[in-house]
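J.: sequence first, then the predicted structure:
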Amino acid sequence: MDKSPAGHWLGCVIPKRHARRSVTRNLLRRQIRSAMLSHASQLNSGLWLVRLRAPFAREKFPSAASDALRTAAFDELTLLFARASA
């Protein structure tokens, strides 16, 4: 008997060692949710977990919540969700 939930459930893991500032972690969570919503119709139902595996370069993104970081994160997440839906 399959006990998986109906619809999509999303979990986000953003370690402090990869994103020191809470502003950055919250920005990344918002981008993850947004990317998930835009690809939800193409993804299988069930539990989804997104984990940040490596930090974004502080030299490239000095501001904790810059537009450049927002765009880079969303672009990478879009690519990952597109791969997952294929």
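T.: Looks like it came in fine.
J.: how close does Phe56 sit to Ala82?
T.: 20 Å (Cβ to Cβ, to the nearest Å). For the C-beta atoms, the positions are set from N, CA and C on the backbone; glycine is no exception.
J.: more neighbours, these two?
T.: Phe56 (17 against 14; other Cβ atoms under 10 Å).
J.: Leu79 falls within a helix, correct?
T.: Yes: assessed by DSSP: H, G, I helix; E, B strand; the rest coil, Leu79 belongs to a helix.
J.: ok, the one residue sitting closest to the centre of the chain to Glu59 distance?
T.: Central residue of the chain (Cα atoms, centre = their mean): Ile32, 2.9 Å from the mean position. To Glu59, Ile32 is 23 Å away according to Cβ to Cβ.
J.: so what's His8 closest to, chain neighbours aside?
T.: Distances taken as Cβ to Cβ, 6 or more residues apart in numbering put Ala40 closest to His8, at 5.4 Å, once the chain neighbours are dropped.
J.: could you check the pLDDT of that neighbour?
T.: pLDDT, Ala40: 88.
J.: same thing with the one 5 residues further on?
T.: Turning to Ser45, the model gives it a pLDDT of 86.
J.: Arg70 too?
T.: At Arg70, pLDDT is 91.
J.: same thing with Asp67?
T.: So, for Asp67, pLDDT stands at 90.
J.: still on that earlier bit, surely the residue nearest to His8 meets Trp9?
T.: No: taking Cβ atoms under 8 Å as the definition, Ala40 is not a contact partner of Trp9, at 11.1 Å.
J.: quick one: which of those two has more around it?
T.: Regarding Ala40 and Trp9, a neighbour count based on other Cβ under 10 Å identifies Ala40 as having more, with 15 against 12.
J.: that one looks like it's in a helix, true?
T.: Yes: when classified by three-state DSSP, Ala40 is found to be part of a helix.
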